[in-house]
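K.L.:
here is the input, now give the coordinates:
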Amino acid sequence: MRRRELRNGVLTVALLAASAAFSWAGEELAAVAAENSPKVSSAPSAASGQEARYGAHVGADGWVDFVVHAPAATAVDLLLYDDPRARTPQRRVAMTPAGDDWKARVRGSRHGPALFYMYQASGPREVSPERPFGALFNPAYVLNDPYAYRTENVNYDAFFATVPFTDMTTPVYAGGGKSVVYDHSGDGFPGHVRIAPEDLIVYELHVQDYTATLEGLPAARRGTYLGLARGGLKTPGGLAAGIDHLVELGVNAVELMPVMEYDEQSGNQSGRLNHWGYMTSNFFAPEARYAASPGRQVVELKQLVRALHQRGIAVFLDVVYNHTAEQSPWVSDGRLAAKCFNLMCLAADRVYRPTSDGRYYLNNTGTGNDVDFSGGKRYSKQLVRDSLAMWHQIYGIDGFRFDLARILAEGSHDAADWVDNDPRYATAHLHAEPWDMGGQWWDFMDSDGWSADNNRWAKWLGHYRDKVRRFSQSSLNDPDAFKQLIEGRGSVSRGAGPAASSRPWRSINLLAVHDGYTLRDCTWFNDSDGSQNCWDSNQDEDLRRQREKLLLGILLTSQGVPVILQGDEFGRSKAGAAAQEGARNSYNYESSTGDLAVNRVNWIDWRLKDGDNSASPTGPAYGKELFEWTRGLITLRKKWSHFRRHDFARYVHAATDDRAGPINDGGFSYVWEGPRSGEPTQLAVVWWGKAGEPDLMVIYNEGWEPFKVDNLSHWSRGNWKILARSWHGPGQDMCRGKWKQCPAAGSAVTVAGRSMAILVSDND
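P.N.:
Down below sits the predicted model:
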């Protein structure tokens with residue numbers, strides 16, 4: 001039975017006494033929970049205690065409502081602090097039960113926005129070293145609000161003064177990581193940028209990495225939201241850097257690696273921090289470490305979103321709902337310890353998934369505590385939807401990339417639906433990383449009744465990365481598989497396999513992302529186990545140059561949505577890590593002591609854009625060439641519709657003089673094919689322009705040796721012009737003037753080994 005309860009509509013004497021004890025300086029302090037329950041102090045209206053939203057919400061009448069979910073708790077106290085570093089609360093308010101929730105209301109001159117608060121919960125404690133999963137209530141833990149709009153920086157040392165054993169009887173709270181009451185209504189709304197899904201060109205970046213070395217920024221703004229928002233920055237060689245670089249490159253969406261509050265002290269190595277941010281502690285609060293001014297992270301992140309929107313760039317968040325920073329409990333000296341920040345000690349069985357025997361936390365994420373979304377109406381599902389709605393409606397976030405999204409589907413028959421159909425963020429893009437350690441999620445998006453007709457999910461395609469990398473090694477040797485990639489159909493098998501997507505824009509194409517080698521490093525390293533499909537190019541730097549340009553060329557001429565990893569467009573390298581594994585998985589390459597040799601592994605070296613690799617000897621000396629190549633391809637992609645079809649283009653089998661031209665508008669044809677499966681692919685494809693557009697022919701060569709396409713005249717009544725040739729150097733690799741003035745291809749064109757070419761014809 002709960003220690004505090006309502007009897008005949010009257011609060012118990014214990015609750016009244018507690019409230020009286022903590023009213024102070026003549027100000028009102030109240031704990032109000034259930035409908036029609038009496039007020040501890042007068043003033044609020046009879047309806048003012050009916051707040052249903054979780055978190056802390058400031059009312060127009062001056063009251064602040066607190067609501068927290070703790071179904072099995074027998075008591076929950078609201079702790080109020082005057083100092084963000086205080087270990088002991090100045091005031092304590094006994095919360096009252098309302099179904100599975102607990103509620104309290106406070107009012108006073110010191111109770112409102114910027115009020116520091118925490119929770120303390122009592123209840124059953126079922127866990128043990130032999131059975132770590134289960135109810136874990138202990139008033140010795142002090143917990144922050146999982147729905148807090150703002151927090152002080154949350155990390156292990158901020159919370160725990162010593163090892164947080166589950167059987168401890170004395171408080172272990174270290175005084176940090178507090179929740180802070182925040183009222184968003186006083187902030188301006190950053191708006192939205194609406195971009196059709198097929199038109200997206202996404203750039204993945206990390207707030208710290210992208211701005212850490214920008215010389216034009218004051219030191220206090222490097223690695224911050226405001227540093228990323230600032231225009232007018234330059235590389236050491238005087239080229240555009242920072243946000244201006246994104247505009248110059250031409251991308252129209254930025255995907256921010258995690259910016260929700262997370263525990264950076266989960267780096268799993270002495271002296272290292274978790275740099276990437278995939279250890280979320282609070283799903284409604286922006287990361288405090290990225291604020292230029294302490295405590296200003298909410299406003300500064302909104303300023304960043306607004307700055308990107310003003311430049312026509314949509315903002316995506318990389319969101320991590322599959323696990324939390326609490327991880328799973330562990331055994332130390334025979335005792336069970338748990339890193340309880342909030343959810344694990346409030347509602348573990350409503351949030352986390354146990355193993356089949358109910359003894360342990362399931363670990364398909366590889367991080368120890370899978371969030372459970374199985375079944376119908378669950379608190380975990382509401383938490384995710386409420387979080388997405390807030391970021392979309394309050395911060396202006398335009399889309400979301402879901403880390404290890406298969407967790408959303410495990411045990412659920414409506415995984416493509418329960419996130420997709422919330423009207424509060426109906427216009428947001430939804431991109432999934434559709435796998436985890438337990439398997440794939442394809443079937444919940446594009447089979448068994450699911451398709452683009454009933455959900456808007458798109459998915460990262462790991463097989464796109466793998467197969468295109470193998471193509472650049474001359475080791476794919478599968479023209480049917482390659483066709484699937486450039487047609488935007490993806491694949492779900494090692495061979496060509498079935499199409500993975502019911503629309504091209506549902507295929508999110510990537511060559512390199514944060515958790516792996518950069519594009520450059522995939523031409524620098526040999527894989528020890530083959531899992532990355534990378535090869536060191538026989539240490540031939542010119543071959544590396546050609547392969548990097550080929551890889552970028554395939555990415556930007558494929559149907560589907562391209563994703564570019566920060567710095568790949570000018571050859572960023574992480575090969576300076578102490579070991580090859582560091583370049584491949586640099587999640588903890590942030591030094592807690594400021595060691596630059598560690599930090600610079602992830603930081604972007606903007607000199608590479610200038611063609612200067614003096615500070616990054618494993619990077620290229622031709623970064624400027626790579627950038628201009630990438631920028632030119634993006635310009636081409638945005639100028640015409642050939643490589644960004646909303647629906648799969650129809651295939652045209654032949655084109656004689658009477659069939660070429662307008663009759664083929666919007667279709668495509670394979671006009672040259674070399675050897676069949678088992679040998680390197682040689683392929684030419686015409687993407688027929690829509691009305692008012694010319695026709696484009698793209699020629700790909702997987703082989704070592706050059707090959708000639710000598711039937712150009714069969715596929716156009718006009719003259720083919722040469723738009724791009726990846727193997728050439730700057731000034732010759734891309735025609736940047738009016739396309740009708742580009743060099744004539746004549747009746748045949750030769751494409752170098754491991755290279756590609758793009759031709760254009762008006763088919764007059």
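
K.L.:
who touches Ala52 in this structure?
P.N.:
By Cβ atoms under 8 Å, 6 or more residues apart in numbering, the contact list for Ala52 reads Val67. C-betas here are computed from N, CA, C, even on glycine.

K.L.:
got the domain ranges for this protein?
P.N.:
The record's domain parsing of the chain by automatic domain parsing lists 197-335+348-636, 650-761.

K.L.:
show the end-to-end separation of the first one, please.
P.N.:
It stands for domain 197-335+348-636. End-to-end span of domain 197-335+348-636 (Cα to Cα, to the nearest Å): 18 Å.

K.L.:
quick one: it to chain centroid distance?
P.N.:
5 Å (Cα atoms, centre = their mean, to the nearest Å).

K.L.:
residue ranges with poor pLDDT in the protein?
P.N.:
1-49, 493-497, 655-663, 764 (pLDDT under 70).

K.L.:
identify the residue nearest the geometric centre of it.
P.N.:
The centre of the chain sits closest to Asp318, judged by Cα atoms, centre = their mean, with a distance of 1.5 Å.

K.L.:
for it, helix, strand, or coil?
P.N.:
strand (DSSP: H, G, I helix; E, B strand; the rest coil).

K.L.:
does it really touch Asp403, like I thought?
P.N.:
Yes. Judged on Cβ atoms under 8 Å, Asp318 makes contact with Asp403 at a distance of 6.3 Å.

K.L.:
does Ala104 touch Leu78 like I think?
P.N.:
Yes. Applying Cβ under 8 Å, one finds Ala104 in contact with Leu78, separated by 4.6 Å.

K.L.:
what touches both of these two?
P.N.:
The contact sets of Ala104 and Leu78 overlap at 31, 66, 93-95 (Cβ under 8 Å, 6+ apart).

K.L.:
quick check: neighbours shared by Asp318 and Asp403?
P.N.:
What both Asp318 and Asp403 touch, as defined by Cβ under 8 Å, 6+ apart, is the set Pro258.

K.L.:
give me the three-state assignment for Ile564.
P.N.:
strand.

K.L.:
and for the closest residue in space to it that isn't next to it in sequence, the neighbour number?
P.N.:
Nearest non-adjacent residue to Ile564, counting by Cβ to Cβ, 6 or more residues apart in numbering: Tyr203, 5.1 Å away. Tyr203 has 25 neighbouring residues, counting by other Cβ atoms under 10 Å.

K.L.:
cool, Ala745 as well?
P.N.:
Neighbour count of Ala745, defined by other Cβ under 10 Å: 21.

K.L.:
backbone dihedrals for it, please?
P.N.:
phi -80, psi -20 (degrees, to the nearest 10).

K.L.:
separation between the spatially closest residue to it that is not a sequence neighbour and Arg637?
P.N.:
Distances taken as Cβ to Cβ, 6+ apart put Trp720 closest to Ala745, at 4.1 Å, once the chain neighbours are dropped. Plainly put, Trp720 is 19 Å away from Arg637 if you go by Cβ to Cβ, to the nearest Å.

K.L.:
which one of these two has more residues nearby?
P.N.:
Remark: of Trp720 and Arg637, Trp720 carries more neighbours, 27 against 20, as counted by other Cβ under 10 Å.

K.L.:
what about the residue lying closest to Gly611 once chain neighbours are set aside, which SS state?
P.N.:
Of all residues not flanking Gly611 in the chain, Lys624 sits nearest, at 4.3 Å (Cβ to Cβ, 6+ apart). Using three-state DSSP, the structure places Lys624 in helix.

K.L.:
quick one: Lys624 and Asp610 touch, right?
P.N.:
Yes. Lys624 lies in contact with Asp610 (Cβ under 8 Å); the separation is 6.3 Å.

K.L.:
between those two, which contacts overlap?
P.N.:
Leu239.

K.L.:
correct me if wrong: Gly277 contacts Met257.
P.N.:
Yes. Assessed by Cβ under 8 Å, Gly277 is found in contact with Met257 at 6.0 Å.

K.L.:
mind listing the helices for the stretch 451-600 of the chain?
P.N.:
Using DSSP state H, counting those that start in this stretch, the helices assigned to the stretch 451-600 of the chain run over residues 462-472, 479-486, 541-556, 580-584, 596-599.

K.L.:
quick one, which of these is nearest to Phe648?
P.N.:
helix 479-486 (11.0 Å; Cβ to Cβ).

K.L.:
from the contact counts, what lies against the closest one?
P.N.:
Here helix 479-486 touches helix 462-472, strand 682-687, strand 695-701, going by 3 or more Cβ pairs under 8 Å, 6 or more residues apart in numbering; DSSP states H and E.

K.L.:
the nearest residue to Asp263 once chain neighbours are set aside: what secondary structure?
P.N.:
Leaving out its chain neighbours, the residue that sits closest to Asp263 by Cβ to Cβ, 6+ apart is Ala325, at 3.9 Å. For Ala325, the assignment made with three-state DSSP gives coil.

K.L.:
show me what contacts Ala325?
P.N.:
The neighbours of Ala325, taking Cβ under 8 Å, 6+ apart as the test, are 154, 262-263, 266, 279-281, 339, 341.

K.L.:
can you check Glu198 too?
P.N.:
Contacts of Glu198 by Cβ under 8 Å, 6+ apart are 503-505, 561, 644-646.

K.L.:
just say helix, strand or coil for it.
P.N.:
Here Glu198 is helix, with the state taken from three-state DSSP.

K.L.:
Arg717: neighbouring residues, count only.
P.N.:
For Arg717, using other Cβ under 10 Å, the count is 15.

K.L.:
pretty sure it contacts Asn664?
P.N.:
No. In this structure, Arg717 is not within contact of Asn664 by Cβ under 8 Å, at 11.6 Å.

K.L.:
contacts for whichever helix or strand Ala416 is part of?
P.N.:
Element membership for Ala416 (DSSP states H and E) is helix 415-418. Under the contact criterion Cβ under 8 Å, 6+ apart, helix 415-418 has outside partners 373, 381, 385, 408-409, 412, 441, 444-445, 450, 454-455, 457.
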